[in-house]
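J.: What shape does this take:
(chains A, B, C and D)
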2 protein chains.
Amino acid sequence: MTGDAIRRRSRGTLRSALLAASFELLREGGLAGFSVAELARRLDVSTAAPYRHFRDRDELLAAVAAQAAAELTAAMRDAVEAAGSDPVDRFAATAGAYVRFVSARGAGFDVIFAAELRHLRNGALAEAGRELTSLLLDLAQRARPAESLEALQLVEQVIALAHGYASLDTGGFLSSARLTDDDVAARATRAAAALVRGGQPA
Amino acid sequence: MTGDAIRRRSRGTLRSALLAASFELLREGGLAGFSVAELARRLDVSTAAPYRHFRDRDELLAAVAAQAAAELTAAMRDAVEAAGSDPVDRFAATAGAYVRFVSARGAGFDVIFAAELRHLRNGALAEAGRELTSLLLDLAQRARPAESLEALQLVEQVIALAHGYASLDTGGFLSSARLTDDDVAARATRAAAALVRGGQPA
DNA sequence: GTCTATAAATAGATAGAC
DNA sequence: GTCTATCTATTTATAGAC
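T.: From the prediction side, this is the model:
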């Protein structure tokens, strides 16, 4: 559906069409498969057209990353609310939300915090990243048992776990088990909860 | 050191020099930065030379992946032995070994189990992958508390965690903390132990 | 086994017309 | 704002000489 809808856009919307198509492209081939030329091809415009809206490839990617960060933060907030009142479950829900988001949109921490985009000092992206980090830190702080790890390290652990599950999913490591995206998200959530609980002082 | 040593190799060793240089290249730019042309450049041979030893890029990568899998399995065995007798600590040590290995060699599960290499049906690679999986399953089985998750899912969790830590490390997410590779490996190990312990039936 | 030369893709990016 | 045309760089891969 989206492909045609994008191609049949009316004039003046190339910029947002580029962003939308970028997510499609990322979902299909990851950062490695991302190219401005391919984007132009899919939108039936010349390869020069995107450069009227973005200085170069990195600026386009940064805009995508900023949008991804905002959407991911929102998705995590929703998952947290749906998770109930247990602070550990609420924090762990972010891992599941992350897996689901990457599977649906193709952009995760690798895009949002890409080293190749840091030189841009893109304000919107930096701010969106900070908001995401802040949400996670807050949830970690509440889930953190006394005497346990610092909240920052707890965030690091859960991010690593979530990103790992998303990578395994994307890379097809889990494909033999024929899991749905929701299955993988549930596993990531369960693992995150175990991780936080296991960190408690015996 | 290695660069010059490789460039000054005597004749008849291009094949192994290609493998060695591949690891260097992967460590610097990951799978995305891997190219046969760049490899040839570094070894001061023509871009055609590598194709006398490998049918194409994927066959070269598969040979790299098979070697990586064997080395990683050995590194994990060493780490397990050094970890003592507690089954959870022994299993968790594989996460630290993985992080250290990826940091040193640049090739991890993403290369070893790359979807793009599966069509080759490379026997050596498949066998090396099986051996790695088998080691992890065995350790998981011994670390697994009764009533806990299946060993396969435990392996999945620890692999995801380890791969996530390695990605965070490689991507520079942890760079603000100025951690050494050993620091990151220690954190991954600790997190893996917490994960396994937290999975126990309360 | 290695080289030179070359072909065919593909990507990023710009100039200038409309 | 978009197009056509073009440039430059890079990569994978092959043919044929030595």
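
J.: and the helix or strand containing residue A:90, C-alpha only, in PDB?
T.: If you go by DSSP states H and E, residue A:90 is part of helix A:87-105. Extracted in PDB, the C-alpha atoms of helix A:87-105 (Å, rounded to 0.1, in the frame of the first residue of the first chain):
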ATOM      1  CA  PRO A  87       8.400  -1.100  38.000                       C
ATOM      2  CA  VAL A  88      10.500  -4.000  36.700                       C
ATOM      3  CA  ASP A  89       7.800  -5.000  34.200                       C
ATOM      4  CA  ARG A  90       7.400  -1.400  33.100                       C
ATOM      5  CA  PHE A  91      11.100  -1.000  32.500                       C
ATOM      6  CA  ALA A  92      11.300  -4.400  30.800                       C
ATOM      7  CA  ALA A  93       8.500  -3.500  28.400                       C
ATOM      8  CA  THR A  94      10.800  -1.000  26.700                       C
ATOM      9  CA  ALA A  95      12.900  -3.900  25.400                       C
ATOM     10  CA  GLY A  96       9.800  -5.500  23.800                       C
ATOM     11  CA  ALA A  97       8.800  -2.100  22.300                       C
ATOM     12  CA  TYR A  98      12.200  -1.700  20.900                       C
ATOM     13  CA  VAL A  99      12.200  -5.100  19.100                       C
ATOM     14  CA  ARG A 100       8.700  -4.400  17.700                       C
ATOM     15  CA  PHE A 101       9.700  -0.900  16.600                       C
ATOM     16  CA  VAL A 102      12.900  -2.000  14.800                       C
ATOM     17  CA  SER A 103      11.000  -4.800  13.100                       C
ATOM     18  CA  ALA A 104       8.300  -2.400  11.900                       C
ATOM     19  CA  ARG A 105      10.400   0.600  11.000                       C
END
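
J.: Report whether it contacts chain B.
T.: No: if you take Cβ under 8 Å from any Cβ of the partner chain as the test, helix A:87-105 misses chain B, and the best it gets is 9.5 Å. Bear in mind the C-beta positions are built from the backbone N, C-alpha and C, glycine included.

J.: In that helix, which residues are buried?
T.: Taking 16 or more other Cβ atoms under 10 Å in any protein chain shown as the neighbour-count basis, helix A:87-105 is seen to contain the buried residues A:87-103, A:105.

J.: Ok, stretch A:150-161 next?
T.: Of the residues in stretch A:150-161, A:151, A:153-161 count as buried by neighbour count, 16+ other Cβ under 10 Å.

J.: restrict those to those near DNA strand C?
T.: When those are checked against DNA strand C using Cβ under 7 Å from any atom of the strand, none falls in range.

J.: Give me the distance between the two termini of stretch A:96-112.
T.: 18 Å (Cα to Cα, to the nearest Å).

J.: close to DNA strand C, is it?
T.: No: Stretch A:96-112 does not reach DNA strand C (Cβ under 7 Å from any atom of the strand); its nearest approach is 14.1 Å.

J.: what is the mean pLDDT for that stretch?
T.: Here stretch A:96-112 scores 98 as its mean pLDDT.

J.: Run the chain-centre distance for it.
T.: Relative to the centre of its chain, stretch A:96-112 is centred 3 Å away, using Cα atoms, centre = their mean, to the nearest Å.

J.: How about the contacts made by the residue of chain A found nearest DNA strand D?
T.: In chain A, the residue found nearest to DNA strand D is residue A:46; the distance is 2.8 Å by Cβ to the nearest atom of the strand. Listed by Cβ atoms under 8 Å, 6 or more residues apart in numbering or on different chains, the contact set of residue A:46 reads residue A:40.

J.: helix or strand for it, which one?
T.: Applying DSSP H and E, one finds residue A:46 in no helix or strand.

J.: now it: how far from residue A:36?
T.: Counting by Cβ to Cβ, to the nearest Å, the separation of residue A:46 from residue A:36 is 11 Å.

J.: Quick check: next helix or strand after the lowest-mean-pLDDT helix or strand in chain A?
T.: Using mean pLDDT, DSSP states H and E, helix A:2-7 stands out as the lowest-scoring helix or strand of chain A, at a mean of 46. Once the chain leaves helix A:2-7, the next helix or strand it forms, by DSSP H and E, is helix A:14-29.

J.: does any part of that next one sit near DNA strand D?
T.: Yes: using Cβ under 7 Å from any atom of the strand, helix A:14-29 comes into contact with DNA strand D via residue A:14.

J.: quick one: buried residues of that helix?
T.: Those would be A:14, A:17-27, for helix A:14-29 by 16+ other Cβ under 10 Å.

J.: so after it, what's the next helix or strand?
T.: helix A:36-42.

J.: Residues contacting stretch A:50-67, please?
T.: With Cβ under 8 Å, 6+ apart, stretch A:50-67 has contacts from A:14-15, A:18-19, A:22-23, A:26, A:34-36, A:39-40, A:107, A:111-112, A:114, A:116-117, A:119-120, A:122, A:124-125, A:128.

J.: Quick one, which of those are buried?
T.: The buried subset of these - by 16+ other Cβ under 10 Å - is A:14, A:18-19, A:22-23, A:26, A:34, A:36, A:39-40, A:107, A:111-112, A:114, A:117, A:120, A:122, A:125, A:128.

J.: quick one: the residue of chain A closest to DNA strand D from residue A:25, how far?
T.: 17 Å.
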